[in-house]
Every structure is written in C-alpha cells, then in structure tokens.
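S.K.: Here is a sequence with its predicted model. Questions after.
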Amino acid sequence: MFEDNLKERYGLAIDRIAEIKENSEIEDAGLAAYFTYTAEFLLLVDKWNEKRKAGGYDKLPLEELQHWNTVLYEDIIGKQYDNSFANPSYACARLGEDIGRILSFLYTELRGCIVFAAEQRKADFTVLLELFVECYCICKDGENIAAQLKDSIYWYMSDYSDDFIEYRVREQLDPSLDFAVRIIMDSDLTDLRYLYRYGEYITENELRTAAFLNTLSQTEIEQMASTFTEGYRIGFELGNKDISKKKLVNIRYCIGFERLVREEIRQFEQMGLKTTIYRAAQHSINKRMHHKIGYYATSPNKQMDYDHRFDNALYLDAQFTERKLGALRFAYEQHKEAAAVFGGPAVMEVFGENPFEPEDKKEALHLDEKQQKLSVKYDSESSAVVNKYIKGEERSFTIIAYPLPEISENADEYEKIFHEIVRINTLDYNQYKEIQQTIIDALDSAEYVHVKGCGNNQTDMRVFLQKITNPQKETVFENCLADVNIPLGEVFTSPVLKGTEGILNVSSVYLNDLKFINLKVSFKDGMVTDYSCDNFEDAKKGRQYFKENVLLNHDTLPIGEFAIGTNTTAYVMANQYDIVYKLPILIVEKMGPHFAIGDTCYSRAEDNIVYNPNGKEIISRDNEISILRKTEPEKAYFNCHTDITIPYDEIGSISAVSEDGSETVIIENGRFVLAGCEELNKPFLK
C-alpha cells in the first residue's frame, strides 16, 4: 500500500514538473527561468532513473555512462558554476537577495535526487519533488514570496526530520543497507564501468585510482588492507577495550579504492565484524558544514560545497534544534542493540587534490549569533546522545590516507608517491618505539615544554604538563605507533591548561581542508584568546574564517593535545616531491610539533586505563575542561579536535624545562639533538 501511494505521488509530482518546464505560469522572468531550469534538471534525473530501472545500465558502453555522468553534473563544474542557480551569487543577482538565497538552497538540495535515484530511495526523491512543486506554487501566487518559501522549507525539514535522521543512524548500524557493499563485493572491479553505479561525479581521480590498484598484486593489496584492519584491532587492545563484544565496523573511503576495501571487508569478517558503509550526507539536515563523512568521490565544485556550508541558517531555531535532538534520541533508541555492538569507524582518507582557497561570498547563507550558539548546543548534546548508545570507553577507530592521481601530472610520479606512502605507513614499529620512548623519558621529567619558532615564525609557547607521582609506573606522553592513527611517528599528551600560554604561529597550514596563511593563535591558561590570519585584506573576515572553520562557532576552545611529530621520513619525502601543501593532517601532524584545539585525544574514554608499550600508565587523559564530565557534562566536550602543525624548518627549539629551570633540548633548528634520536635526522642527509 505504501509503495503504491509513493508511486502515485511520484508520478503526480513528475507530471506537474513536466508542465512547469513546458509552460511556466510565473510572470517574473527571473523566477520563470529558475523554475524552468530546475524542472529540466529534475526531468533529466527522472529520465536517468528510468533508464537505470529498465535494466542493463551497467553494461552500457563506458562512453555513454560518462556522458550521463557529465550531463547530470555539468552545470556546477568549473566556470559553469558561475551561471548556475546553485551559486548563491548568481541566484541573488537574478532573483534578489532574499529569494535568491532560498532558491539557491532549494536547487542545491534537489541535486541530492541524483544519488537517491541511484540508490532507489524513492521516498527521499518524491518528497523533494513535492517540495519543488510547492515552492513553485508559492512563487506563482506571487504574495510575500520570501517569507512563504522560508516557511515551506522550515516545515519540510521539521516534518521529515525523523525520517532523515533515523535513516542516517540506520545506515551506520544496519548491514542490510548494503548499496555500496554490493558494488564492492559483486562488481568486476577490472571493468571500470562499475564506478558509475554510485551516481557520484566520477573524474580521472576515481578512474586512475581504480586502474592503478588493479595493477597491484593480491599480496600487496592484502598487506595494505592488513595495515588498516590490524591497526583497528590493535586500537582496541591498546585502549584496553574488548573487541569481541563488537559485531559492526563502519568503513569510510573514497570511490576508486574498491579493490582495497573489498579485502578490508574480508579481513574484518575474519575478526567477526560485519561492515556498514554509507554515503556522505545529501540532506542538509545531516550535513556537517562542507565536510564529507562517509564515502564520496571528487567534489564537482568545492566552492559550491563551501557556499552551502551554512544552509541550515534557513531553518535553524530553538524549536527545530529540540526537534532534531528528539529525532536523534528516538533513532538511537530504535537501534540501540546494533549501537551497542558497533565498534567505530575505519577511515580511509585521500589527499593530493589541488589546494582549495574559498571565496567567502556575502550572498551565501551564514548563521547569525543566536544560530551559532544553537549549532554549538546541538553538537554538544547530540554527541552526548551518540555516546550514550555507542560508548566512547568501548569503541575505537583507525584512520589511514592514500594519494589521488591528481597529486602529480606525471603518472609514474603518482605511482612512486603512492608506494612511498605505503612505505611510510609501514615504518619500523620497534625502532620508533625505542626512539619515541627516549623523548618521552625526557619530557616526563619536565614541568613544562617550551616551543619557539625561528626566522619569521613567532611561535613562543609554554605547555604545562601533568605531574607524575610514581615515575616507575606513570607517564605523561603516549608513545603513538601505527595503530588507530596511521602512520606512526608522534608522542602526545593532554596538557595542563593552567599556565599553558603564548603564541602559536605557522606560515601556511591546511585545517579542515582549508588553507590558512600566516595563522596566529594566542592562548592564556590553555584557552584561545585571540586569532588572526592573512587570507583576506579585511582582518575581520580572517577572524570569521577561523571562528567558523576551526573554532566551529565556539567563542573559545582549549588546547586538547600537544605532540611532537617524529616522522622525518614523511617530511623529507613530502619536500622531495613538493607535496607538503597537499598532505592531510593525518601525515602532517607527524612532521613536526602540533597543538590540537578542542577535545583531548581521550575524549569520552578518559576512564579507560591505557598503557605505553613499556607498561607505564598514561595519566594525562583529562584536562580541566574534560574533567567537568563528572560535574557539568554539558561543558566537558566540544565535539571537535583540529591539529595545527609547525613544520620542522620553522622550529627554533623544543625543550623540556624542569621545576629547577634546567632545560633538556629535544629539537634545535629543526633537527633532533636529544641523545638517542640520531636516527631521526638521517632522512635529512639523503
């Protein structure tokens, strides 16, 4: 009965949209152009959907599949985005600021119909078509259009929030939602036509990655997969967590890596773990700004993603926030048995795309001050909801990164870089364990660590450390090797906030996929007090850029981590190929000292006793903020953790300073000078 009703609703909506395309009844030229333009797109998706449903789509010639992929995405690719209604600047110029912002949001939301068609999620497809028809009728009537459009979208989001959020939670916890798993496990991966089954925008990155992985031996694939899956297993072991209680793992990857993911699924099955895989969110209600969580392909337009990062400004208010939190609680309660046996994510990142420096458009939607606070409230309370059902002290994760072909125009160089990354991901565990323990021994005797920049770098930070009461059994720094956080190469701690202060400066750094130029952050008692960057002539825009994308609209955040990266091999390789600016923070954080702003590394698992390989307990699992979980839990967590790394060539010195004022220098002028660390300088000599 439901399917019949849905089929009827879908048919009625498509018929009406066909009428709109042929004969728009709107007199305003700009609005008429918008609805004709959008109707043409929706009818194109419907035609593509019918072709897929008819059967044999996957067997079409590669050129025809590529044609369909191009026409579905062509109006937002490159310069064509300048004249797309997805572009808020263009939409506002054609439709006026108020209506333009709303209808630009609507068109961008409607583009999700492509992947809903690919997955045959007819309900999601249908309600979007109905929203479009409703908005058309509002504009046709021509009275108080902006207010009515905004109201329509608000109630659409509110009415369907339970459905959208429940499905998103279920995607993470229900292996029967296996759209991507079936592509990975059932396809002939040597026939690259399988890539077009996803409905995502497919570029040379995806095609060349898949083709390259097909040239590797099965042994190489198995070894790469084992680095990943074993890292996940060891994460449970080192965190003193019982993996045998878990039945589910969520793999997140980028399209093109299916041959590797197939082997990872098999290896996780041997551990007793079934795999769930879900796509990066399409509905704005489930998005986290412009960040993609799940599986995805190369973005057709990163500026578009950035322009629409705050689309929830159209409907975010206190009532909606409570409705969304209620929907999240209800969804997890429905799936609490699966949540209890969910082990956490296993994440494969990619890097190598040409760096993106966004334009901050005035026409794009932004959260006002009240909405920023509501956003922070939701992040905090939703994180607590998730932790209630997927307990932090029982879950783990692993994360690794591989390069995309875009990292080099030369195919041979790309393959060399790929193999170099595989080598870096498998550096000698035991050698680094001993060297890093030498560094930890020096740091454990310190009251604070003093970090100073050199040349134009103005870094001058004092980082206070927790006091050890039993040196034979306790340590402050974790000896981080290749397990949850691959590759190896750092020692880290949660600093004492009181007394931790100074200026952190780095000439150029990528944070959350965005470039920051001459970033300066000031701290007092471990909390951010000021910040600036040189990305914009207007200093206020630079501050807003940092607050939105690093502070995530909090007024301040604490230092959750201080670390010293030891992976000089990665640093030298990156400079050899001139790809430092293309590396992910996962690798960059191992290439120098770094400070993380936000939660500690032990967030929501502070009560789990963890040990270094030498048997000493790591006591620095809390700071003055996270300990509030015992008295004021709503103030203890921020649901973010952003690493800011200073490269070796900008480091003047790092020294461990004892209570009596004596110093033990660990790094000087970008080189390790502590006895026992000589091996770390050898890559610089090659």
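M.R.: Sure, I can see it. Numbers count the residues shown, from 1 in each chain.
S.K.: can you give me phi and psi for residue 254?
M.R.: Per-residue torsions, residue 254: phi -110, psi 140 (degrees, to the nearest 10).
S.K.: ok, then the element right after the one helix or strand residue 219 maps to?
M.R.: Following DSSP states H and E, the helix or strand that holds residue 219 is helix 218-238. Using DSSP H and E, the helix or strand that follows helix 218-238 in sequence is strand 248-252.
S.K.: Listing partners with orientation, what would you give for that next one?
M.R.: strand 274-276 (parallel), strand 342-351 (parallel) (DSSP bridges).
S.K.: Please list the outside residues in contact with the first one.
M.R.: Right, the one you point to is strand 274-276. With Cβ atoms under 8 Å, 6 or more residues apart in numbering as the test, strand 274-276 has contacts from 171-175, 177, 181, 247-251, 264-265, 268-269. C-beta: built from backbone N, CA, C; applies to glycine.
S.K.: Narrow the residues you listed to just the buried residues.
M.R.: Among the contacts of strand 274-276, the ones that count as buried by 16 or more other Cβ atoms under 10 Å are 171-174, 177, 181, 248-251, 264-265, 268.
S.K.: For residue 9, which non-adjacent residue is spatially closest?
M.R.: Closest residue to residue 9 apart from its sequence neighbours, by Cβ to Cβ, 6 or more residues apart in numbering: residue 126 at 5.3 Å.
S.K.: The helix holding residue 219: how far from the chain's middle?
M.R.: Put simply, helix 218-238 sits 21 Å off its chain's centre (Cα atoms, centre = their mean, to the nearest Å).
S.K.: What is the neighbour count of the residue nearest to residue 9?
M.R.: 22 (other Cβ atoms under 10 Å).
S.K.: Spell out which helix or strand contains it, please.
M.R.: Counting by DSSP H and E, residue 126 is part of helix 122-141.
S.K.: And the very next helix or strand once past that helix, what does it pack against?
M.R.: Counting by DSSP H and E, the element after helix 122-141 in chain order, helix or strand, is helix 145-173. In terms of contacts (3 or more Cβ pairs under 8 Å, 6 or more residues apart in numbering; DSSP states H and E), helix 145-173 is packed against helix 97-110, helix 122-141, strand 274-276, helix 318-334.
S.K.: Any buried residues in helix 145-173, and which?
M.R.: Result for helix 145-173 [16+ other Cβ under 10 Å]: buried residues 145-146, 148-150, 152-154, 156-158, 160-162, 164-173.
S.K.: any residues touching the helix or strand just after it, and which ones?
M.R.: Downstream of helix 145-173, the first helix or strand assigned by DSSP H and E is helix 179-186. Helix 179-186 is contacted from outside by 118-119, 175, 194, 197-198, 258, 261-262, 265, 275-279, 295, using Cβ under 8 Å, 6+ apart.
S.K.: Give the buried residues for helix 179-186.
M.R.: Result for helix 179-186 [16+ other Cβ under 10 Å]: buried residues 179-181, 183-184.
S.K.: go on, stretch 133-144?
M.R.: 133-136, 138-140.
S.K.: re the thing from before, out of the contacts of helix 179-186, which one sits closest to residue 555?
M.R.: Checking the contacts of helix 179-186 against residue 555 with Cβ to Cβ, the nearest one is residue 278 at 32.8 Å.
S.K.: follow-up on the earlier one: and the helix holding residue 219, average pLDDT?
M.R.: Averaging pLDDT along helix 218-238 gives 95.
S.K.: for stretch 476-490, same thing?
M.R.: For stretch 476-490, the mean pLDDT works out to 89.
S.K.: highest average neighbour count across the helices and strands packed on helix 145-173?
M.R.: Stretch with highest mean neighbour count among those: helix 97-110 (a mean of 22; mean count of other Cβ atoms under 10 Å).
S.K.: who touches it?
M.R.: Contacts of helix 97-110 (Cβ under 8 Å, 6+ apart): 31, 34, 38, 41-42, 84-88, 90-95, 128, 131-132, 135, 145-146, 149-150, 153, 283-284, 304, 308, 311, 314, 363-365.
S.K.: Let me know the average pLDDT across that helix.
M.R.: Here the average pLDDT along helix 97-110 is 97.
S.K.: export it as CSV, just CAs?
M.R.: Included here for helix 97-110 are C-alpha records, laid out as CSV according to Å, rounded to 0.1, in the frame of the first residue of the first chain:
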residue,chain,number,x,y,z
GLU,A,97,18.9,38.6,-2.3
ASP,A,98,16.1,37.1,-0.1
ILE,A,99,14.5,34.9,-2.7
GLY,A,100,17.9,34.1,-4.4
ARG,A,101,19.4,32.6,-1.2
ILE,A,102,16.3,30.4,-0.6
LEU,A,103,16.0,29.1,-4.1
SER,A,104,19.8,28.5,-4.4
PHE,A,105,19.4,26.4,-1.3
LEU,A,106,16.5,24.6,-2.8
TYR,A,107,18.3,23.8,-6.1
THR,A,108,21.3,22.5,-4.2
GLU,A,109,19.1,20.3,-2.0
LEU,A,110,17.3,19.0,-5.1
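S.K.: what's whichever helix or strand comes after that helix packed up against?
M.R.: Reading on from helix 97-110 to the C-terminus, the next helix or strand found by DSSP H and E is helix 113-118. Packing contacts for helix 113-118, counted by 3+ Cβ pairs under 8 Å, 6+ apart, involve helix 29-53, helix 122-141.
S.K.: I'd like those as CSV, with distance to residue 209 appended.
M.R.: Output for these, formatted as CSV (distance: least, Cβ to Cβ, whole Å):
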stretch, distance to residue 209
helix 29-53, 24
helix 122-141, 29
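S.K.: closest one to residue 431 among those helices?
M.R.: helix 122-141 (51.3 Å).
S.K.: The closest one vs helix 97-110, what angle?
M.R.: 160 degrees (axes from the mean of the first three to the mean of the last three Cα atoms, to 10 degrees).
S.K.: Could you say which one of the strands paired with strand 248-252 comes nearest to residue 67?
M.R.: Nearest of the strands paired with strand 248-252 (Cβ to Cβ): strand 342-351, 25.8 Å.
S.K.: Toward the C-terminus, what is the element adjacent to that closest one?
M.R.: Next along from strand 342-351, by DSSP H and E: helix 369-389.
S.K.: Give the next helix or strand downstream of that following helix.
M.R.: Using DSSP H and E, the next helix or strand after helix 369-389 towards the C-terminus is strand 398-403.
S.K.: quick one, that next one and helix 218-238 angle?
M.R.: Using the same axes, to 10 degrees: strand 398-403 against helix 218-238 is 150 degrees.
S.K.: what's next to strand 398-403, contact-wise?
M.R.: 227-229, 231-232, 235, 257, 346-352, 414, 417-418, 421, 425, 483-487, 579, 582, 584, 586-587.
S.K.: cool, stretch 52-66 as well?
M.R.: 51, 117-118, 120, 192-194, 196-197, 202.
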